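1. No sequence on hand, only this structure:
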């Protein structure tokens, strides 16, 4: 059972699209992000339960590749939006913090989410005898652990953001985060299509 937790935490806390976006939101000093974090955790719960109950039999390589393509396209679009965003605070549009629905959608379309859910739900859960009601408890518990990943990245971003005062620095950090996000999207897309 410990290996299940270690695997899930190991994958969820490594850099990925959700964590990069949380880091960037912290650097940009955005507030009201709790809904987004809860949405990410809820999306992870949905993935765990869907893969567990539907099973590997119904999840074909084609379905995984379609989901990966959608997720990759979504992450590329997000990186474009971050790259082009106004960080001066003087733009005409009011920046809306990421919300619960953003977190759910991002996590469900996140190819990295499948890299956590698929081996756990199809191999490790059955091998450990986790079925029925305990499957729901484990799915919710592991997803709750996942809530800490974007929160941690966001907190680190807030610490960095406190030391950055000039808008030009924030602009370049935004662009760097967008490039990292684009790199992650392309990398995940390539991995997904090599299945």
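-> Perfect, I can see it now. As the structure is a prediction and not an experimental result, all values here were calculated from the model.
2. Low-confidence stretches in the protein?
-> For the chain, applying pLDDT under 70 flags the ranges 55-61, 63-64, 67-68, 71, 86-95, 165-167, 170, 188, 191-195.
3. now for the longest helix along the chain, which elements pack on it?
-> If you go by DSSP state H, the chain has its longest helix at helix 132-162. In this structure, helix 132-162 packs against helix 2-12, helix 17-27, helix 34-54, with contacts taken as 3 or more CB pairs under 8 Å, 6 or more residues apart in numbering; DSSP states H and E. Every residue, glycine included, has its C-beta placed from N, CA and C.
4. That one: how far from the chain's middle?
-> 10 Å (CA atoms, centre = their mean, to the nearest Å).
5. Same question for that helix: list its buried residues.
-> Judged by neighbour count using 16 or more other CB atoms under 10 Å, the buried positions of helix 132-162 are 135, 138-143, 145-147, 149-151, 153-154, 157-158, 161.
6. what's the answer for stretch 74-90, then?
-> Within stretch 74-90, the residues scored as buried using 16+ other CB under 10 Å are 74, 75, 76, 78, 79, 82, 83, 85, 87.
7. so the fourth one makes contact with residue 181?
-> Meaning residue 78. Yes: Residue 78 lies in contact with residue 181 (CB atoms under 8 Å); the separation is 6.3 Å.
8. what's the overlap in contacts for the two?
-> Counting by CB atoms under 8 Å, 6 or more residues apart in numbering, the residues touching both residue 78 and residue 181 are 17, 21.
9. Please give the element, helix or strand, for residue 76.
-> Using DSSP states H and E, residue 76 sits in helix 61-84.
10. residues contacting residue 160?
-> Neighbours of residue 160 in contact, by CB under 8 Å, 6+ apart: 26, 27, 173.
11. wait, which of these is closest to residue 127?
-> Among the contacts of residue 160, residue 26 lies closest to residue 127 (CB to CB), at 37.5 Å.
12. Quick one: neighbours of that closest one, just the number.
-> 23 (other CB atoms under 10 Å).
13. Contacts only, for it.
-> So residue 26 contacts 153, 154, 155, 156, 157, 158, 159, 160, 161 (CB under 8 Å, 6+ apart).
14. Name the nearest residue to the last one, ignoring sequence neighbours.
-> Nearest residue to residue 161 in three dimensions, chain neighbours excluded: residue 27, at 4.3 Å (CB to CB, 6 or more residues apart in numbering).
15. Hmm, that neighbour is touching residue 172, no?
-> No: assessed by CB under 8 Å, residue 27 is found out of contact with residue 172, at 10.9 Å.
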